[in-house]
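Chemist: Below are the sequence and a predicted model; questions follow.
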Amino acid sequence: MSLERGLRILSAFTGDRSVLGIADLARAAGLNKSTTHRYVATLTALEFLEQDPETRKYSLGPRAVDLGFAAIDSMELTRVTGPLLQALAAETGFTVSMAVCDGPDIVYVDRRRSGRRSALAMDLNLHVGSRLPAYCTSMGKALLAYKDPAALRQILDHTDMARRGPKTITNREQLLAALARVRQSGVAVNDEELAPGLRSLAAPVRDRSGGVVAAINIAVYLTPAPATVEALSGRLEGPLRRTAAEISRRLGYRPPA
């Protein structure tokens with residue numbers, strides 16, 4: 001019971017709720033304030049939480065962060081992908097990332113930059129552990145497209161399809177149509193849906209069971225004279241598909257004959 005309560009408190013911290021007070025934690029964990037305070041004090045002493053002395057609010061401490069990175073590092077996925085993603089970044093000259101799905105979000109588990117600092121190199125403030133909404137990212141769409149209908153419906157029921165970029169898909173039926181196109185083509189495209197000037201292409205990664213367990217993408221920031229989506233796809237789709245297929249192969253996936 002004590003472990004369960006402690007984990008409920010730690011689980012209250014998310015990408016958009018990274019700093020919380022006792023009242024916030026009590027509500028999230030379903031505990032009264034005095035009980036919450038007692039557990040929080042223990043978690044702070046163990047460095048799973050840390051308190052800001054000015055605001056008196058809490059955030060995840062170094063032990064929790066270490067556990068998160070240890071979990072990512074221990075995944076079979078990341079053990080086999082690093083050199084392949086770095087090679088893709090070097091070949092294309094763009095930043096390459098890999099993410100997994102966590103409810104309505106994607107979580108970055110690897111990110112590789114090209115050694116070539118071209119004018120189109122994408123350098124957003126993203127890192128391993130960063131979270132973004134799935135509905136408006138190419139990797140998110142590559143992951144959502146292969147969810148079973150019940151799981152997808154549940155995810156979309158908990159998704160606020162707010163406008164984030166000039167071309168964000170904010171209509172559920174339009175998103176479902178876009179996901180159907182991903183299943184048909186095997187590649188997801190983000191055309192300024194997350195942020196102005198950002199385009200990316202993503203492909204799914206499958207494990208030995210054939211299930212989609214991750215996605216990889218190539219991110220491109222547009223110059224004043226941008227290439228068309230079709231031109232970018234023509235240049236980048238081949239290397240992207242080849243890398244996704246090789247990662248899947250190393251995870252044990254064998255395409256149907």
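Modeler: Received the coordinates, thanks. Just so we're clear, the structure is a prediction, and the values are computed from it rather than from any experiment.
Chemist: Show me where this structure has its helices.
Modeler: Listed in chain order, the helices of the chain (DSSP state H) span 2-11, 22-29, 33-45, 62-74, 76-92, 138-144, 149-157, 172-185, 229-250.
Chemist: what would the ones you listed look like in TSV with distance to D102 and mean neighbour count?
Modeler: C-beta: built from backbone N, CA, C; applies to glycine. What follows is the helices of the chain, written out as TSV (distance: least, C-beta to C-beta, whole Å; neighbours: other C-beta atoms under 10 Å):
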stretch	distance to D102	mean neighbour count
helix 2-11	12	14
helix 22-29	17	17
helix 33-45	22	16
helix 62-74	12	13
helix 76-92	14	17
helix 138-144	10	29
helix 149-157	10	13
helix 172-185	18	14
helix 229-250	19	17
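Chemist: quick one: which of those helices has the weakest pLDDT on average?
Modeler: In terms of mean pLDDT, the lowest-scoring of the helices of the chain is helix 62-74 (a mean of 68).
Chemist: would you list the helices of the chain in CSV and tack on distance to P204?
Modeler: Rendered in CSV, the data for those read as follows (distance: least, C-beta to C-beta, whole Å):
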stretch, distance to P204
helix 2-11, 27
helix 22-29, 33
helix 33-45, 37
helix 62-74, 19
helix 76-92, 13
helix 138-144, 5
helix 149-157, 14
helix 172-185, 8
helix 229-250, 7
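Chemist: What separation do you get for the residue lying closest to T81 once chain neighbours are set aside and P239?
Modeler: Of all residues not flanking T81 in the chain, I247 sits nearest, at 5.4 Å (C-beta to C-beta, 6 or more residues apart in numbering). When distance is defined by C-beta to C-beta, to the nearest Å, I247 is 13 Å away from P239.
Chemist: what is in contact with the two at once?
Modeler: Residues touching both I247 and P239 do not exist when contact is defined as C-beta atoms under 8 Å, 6 or more residues apart in numbering.
Chemist: got a list of contacts for stretch 5-12?
Modeler: Counting by C-beta under 8 Å, 6+ apart, 20, 24-25, 28-31, 35-36, 39-40, 42-43, 48-49, 60, 64 sit against stretch 5-12.
Chemist: Output it as CSV, nothing but the C-alphas.
Modeler: In CSV, the C-alpha atoms belonging to stretch 5-12 read as follows (Å, rounded to 0.1, in the frame of the first residue of the first chain):
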residue,chain,number,x,y,z
ARG,A,5,0.8,5.5,-2.8
GLY,A,6,4.3,6.6,-3.4
LEU,A,7,4.1,5.6,-7.1
ARG,A,8,0.8,7.4,-7.4
ILE,A,9,2.4,10.6,-6.2
LEU,A,10,5.3,10.2,-8.6
SER,A,11,2.9,9.4,-11.5
ALA,A,12,1.2,12.8,-10.9
